[in-house]
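K.L.:
using only what follows, build the 3D model:
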Amino acid sequence: MLRRYFAAVTLITACWTNAATAADNDNPAPYHVGAAMRVFHPTVARNWRGAQTEALITNIWYPVDANIPEAAHTIDERGQPLFEGHALTNGAPLSAAHAKYPLVLLSHGTAGTAASLDWLASSLAANGYIVAGVNHPGNNGLERLTPDGFMLWWERATDQSEVLDGLLADPLLGKRIDTARIGAAGFSLGGYTVLELAGARTDLQGFLNFCASPAADAICHPPEMQRLQGGVPAPAQPSPDMLASMARSGASYRDTRIKAVFAIAPALGEAFNQASFAGVEIPISLLAGTNDVTVPVKTNIQRVAGFMPNAKVTLLPGATHYTFMDTCVPAVVERLARICQDPPGVDRDAIHTQASQTALDFFSRTLSASPQ
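P.N.:
Predicted coordinates:
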């Protein structure tokens, strides 16, 4: 999978160089969807959380002209087809319909990948957004999970900010991004991540107290925990790096370049308190399914919404937590029933369409067009 992406980068680079010089025209959305990849190597010291790959591997979706053909593809993890992907085109130039496009940073959930949110990323790209999703080190579906990657949630916000640094410095992409129109969207732990980018501060001790109390619920025992190094628990004694990270868990990770945040089934609601949102001043939209038992509605989206009375809240009837992952290929539906199967009467593709439209409506209002 990675080889295919890297091979496409060279061709895409050449094509974008030509497209970037073209004049604006009135070519409207929807666009077709292009795909690329960037691998960022931050020059500053950072916490890699014990990840096998010490790089920020970033999938990019972007608008291309509608007359360029798309091809069907599946989304693979570790060499096996897992999800049905949106049709894409590799090697196509970024549309020259506009000199610049808005950008949305994308954050996946625990043990997921950026590609597992292809349904949302492709919809945004088809409507004129550049979308960039990083595979968070130590906590993604392409490598083994690590204790630090699983537990040091606040470090994910630094991944996003450093990806944004890399994108804006990119010789091809940087000049095509409208820096006044940058948003962020995330799912599950990614929803928590983008709230941190908005300025929310983590109350780590509050979360630990909740999980040690009789009120503890499913958020304290995510099913992905079983994949943590083959089920091996975290070491009894935290490492010095882990302790240093925990000491800054309550810091602000606000990135002022981000103007609006869309959080889907945001996790770790009990890691926030009323004071957590004192620094959040940008528009926030929250969305989840009413049947989410993995990230329970009461202690997560509803708790977060209670701290932000101006946030827009959408609850989609019947949807579970994993309804917001891509649609599985038929061959894995039975084997991966937990993430692939929805309750009777729930159409995952229809939920994706609804959620995507909610995101598009939100970003069209909050990332308003700036002069080109």
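
K.L.:
from now on I want contacts and neighbour counts done on CA atoms only, so please keep to that.
P.N.:
Will do.

K.L.:
give me phi/psi at residue 56?
P.N.:
phi -100, psi 90 (degrees, to the nearest 10).

K.L.:
contact partners for it?
P.N.:
Shown in contact with residue 56 (C-alpha atoms under 8 Å, 6 or more residues apart in numbering): 39, 40, 41, 134, 135, 136, 137, 159, 163.

K.L.:
in strands, which of those fall?
P.N.:
Judged by DSSP state E, the contacts of residue 56 include 39, 40, 134 as members of strands.

K.L.:
next up, the contacts around the last one.
P.N.:
Looking back up the chat, that one is residue 134. Residues near residue 134 by C-alpha under 8 Å, 6+ apart: 56, 57, 58, 59, 106, 107, 108, 113, 114, 159, 160, 163.

K.L.:
from residue 341, how far out is residue 267?
P.N.:
Applying C-alpha to C-alpha, to the nearest Å, the value for residue 267 to residue 341 is 21 Å.

K.L.:
buried stuff in stretch 167-177?
P.N.:
167, 168, 172, 173, 174, 175, 176, 177 (16 or more other C-alpha atoms under 10 Å).

K.L.:
can you check stretch 326-338 too?
P.N.:
In stretch 326-338, counting by 16+ other C-alpha under 10 Å, buried: 326, 327, 328, 333.

K.L.:
skipping its backbone neighbours, what lies nearest the third one in space?
P.N.:
Yep, that's residue 328 we're talking about. residue 83 (4.2 Å; C-alpha to C-alpha, 6 or more residues apart in numbering).

K.L.:
who is that neighbour paired with across the strands?
P.N.:
In this entry, residue 83 is beta-bridged to residue 75, residue 328, by DSSP bridges.

K.L.:
partner strands of the longest strand along the chain, parallel or antiparallel?
P.N.:
Scanning the chain for the strand with the most residues, using DSSP E, yields strand 177-187. With DSSP bridges as the test, strand 177-187 is paired with strand 101-107 (parallel), strand 260-264 (parallel).

K.L.:
do you know which of the ones you listed lies nearest residue 153?
P.N.:
Shortest distance between residue 153 and these, using C-alpha to C-alpha, is found for strand 101-107: 11.8 Å.

K.L.:
mean confidence for the closest one?
P.N.:
For strand 101-107, the mean pLDDT works out to 98.

K.L.:
could you tell me the end-to-end distance of stretch 281-292?
P.N.:
So stretch 281-292: terminal residues 28 Å apart, C-alpha to C-alpha.

K.L.:
where does pLDDT dip in the stretch 1-150 of the chain?
P.N.:
By pLDDT under 70, the weakly predicted segments of the stretch 1-150 of the chain are 1-29.

K.L.:
try it again at 90.
P.N.:
1-30, 44, 76-80, 90-91 (pLDDT under 90).

K.L.:
tell me the pLDDT of residue 215.
P.N.:
For residue 215, pLDDT reads 97.

K.L.:
quick check: which element contains it?
P.N.:
Using DSSP states H and E, residue 215 sits within no helix or strand.

K.L.:
now do the helices in the stretch 51-200 of the chain.
P.N.:
With DSSP state H, counting those that start in this stretch as the criterion, the stretch 51-200 of the chain has helices at 118-126, 147-151, 155-169, 189-197.

K.L.:
can you put the contacts of residue 134 in CSV and add distance to residue 367?
P.N.:
Shown next, in CSV, are the contacts of residue 134 (distance: C-alpha to C-alpha, whole Å):
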residue, distance to residue 367
56, 26
57, 26
58, 22
59, 22
106, 16
107, 18
108, 22
113, 25
114, 22
159, 22
160, 18
163, 20
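
K.L.:
just give me the closest of these to residue 254.
P.N.:
Nearest to residue 254 among those, with distances taken as C-alpha to C-alpha, is residue 160, at 10.8 Å.

K.L.:
go ahead and confirm that closest one touches residue 105.
P.N.:
Yes. Counting by C-alpha atoms under 8 Å, residue 105 is a contact partner of residue 160 at 7.1 Å.

K.L.:
contacts only, for the spatially most central residue of the chain.
P.N.:
Central residue of the chain (C-alpha atoms, centre = their mean): residue 107, 1.9 Å from the mean position. Residue 107 is in contact with 114, 133-136, 160, 184-187, 189-191, 193-194, counting by C-alpha under 8 Å, 6+ apart.

K.L.:
could you redo the last one with a cut-off of 7 Å?
P.N.:
114, 133, 134, 185, 186, 187, 190, 193 (C-alpha atoms under 7 Å, 6 or more residues apart in numbering).

K.L.:
let's have these in TSV, adding distance to residue 154.
P.N.:
Below are those laid out as TSV (distance: C-alpha to C-alpha, whole Å):
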residue	distance to residue 154
114	18
133	17
134	15
185	16
186	14
187	15
190	10
193	7
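
K.L.:
most neighbours among these, which one?
P.N.:
residue 193 (32 neighbours; other C-alpha atoms under 10 Å).

K.L.:
ok, that residue - contacts?
P.N.:
So residue 193 contacts 107, 154, 156, 157, 186 (C-alpha under 7 Å, 6+ apart).

K.L.:
tell me which two of the residues you listed sit farthest apart.
P.N.:
Farthest apart among these by C-alpha to C-alpha are 154 and 186. That separation is 13.7 Å.
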